[in-house]
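**Q** for reference, the sequence and a predicted model appear below.
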Amino acid sequence: METMRKILKKIMARQTEEGKTYKEAICEAMVKKAMDGNLRAFITACKILGEDPDKMEKEEPVLKPPKIIIQPVRPYSPELDGKGV
């Protein structure tokens, strides 16, 4: 009787329609999910690579100054009141 490990290794070695192994396809899918913001996929990928995400160097967020738009305002005129601009 085969162990689950041997069976899983055989399955992971199978080829997809695109010619990749199941293992390669699963790794690519995990990376895509991590790039889309899936934190669990990112942490799993880091652990597989032997990296500890908690000890990774944290980057400071880049803060952009707010965009201020100044538009001229016409002075009040009783003749135009209620007639639009």
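**A** Perfect, thanks for sending it.

**Q** so where's this structure shaky on pLDDT?
**A** 59-61, 80-85 (pLDDT under 70).

**Q** biggest helix in it, by residue count?
**A** Ordering each helix of the chain by length in residues (DSSP state H) puts helix 22-35 first.

**Q** elements contacting it?
**A** Contacts defined by 3 or more CB pairs under 8 Å, 6 or more residues apart in numbering; DSSP states H and E place helix 22-35 against helix 4-13, helix 39-48. For glycine as for every other residue, the C-beta is placed from the backbone atoms N, C-alpha and C.

**Q** looks to me like Gly19 is in a helix.
**A** No. Gly19 is assigned coil when assessed by DSSP: H, G, I helix; E, B strand; the rest coil, not a helix.

**Q** okay, now it: neighbour count?
**A** 7 (other CB atoms under 10 Å).

**Q** the one 10 residues further on now?
**A** Residues contacting Ala29 under the criterion other CB under 10 Å number 11.

**Q** cool, and Cys46?
**A** 16.

**Q** would you mind measuring from the residue nearest to it when sequence neighbours are not counted to Asp36?
**A** In this structure, Cys46 finds its nearest non-sequential neighbour in Pro53, 4.6 Å apart by CB to CB, 6 or more residues apart in numbering. The gap separating Pro53 from Asp36 is 17 Å, by CB to CB, to the nearest Å.

**Q** can you give me the offset of the longest helix of the chain from its chain's centre?
**A** Averaging C-alpha positions (CA atoms, centre = their mean, to the nearest Å) puts helix 22-35 13 Å from its chain's average.

**Q** ok, residues contacting that helix?
**A** If you take CB atoms under 8 Å, 6 or more residues apart in numbering as the criterion, helix 22-35 is touched by 11-16, 18, 20, 41-42, 44-45.

**Q** which among those residues end up buried?
**A** 41-42, 45 (16 or more other CB atoms under 10 Å).

**Q** can I get these in JSON lines including distance to Lys64?
**A** Supplementary listing: the buried ones among the contacts of helix 22-35 in JSON lines, determined by distance: CB to CB, whole Å:
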{"residue": "Ala41", "distance to Lys64": "28"}
{"residue": "Phe42", "distance to Lys64": "25"}
{"residue": "Ala45", "distance to Lys64": "29"}
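
**Q** thanks again, I'm all set now.
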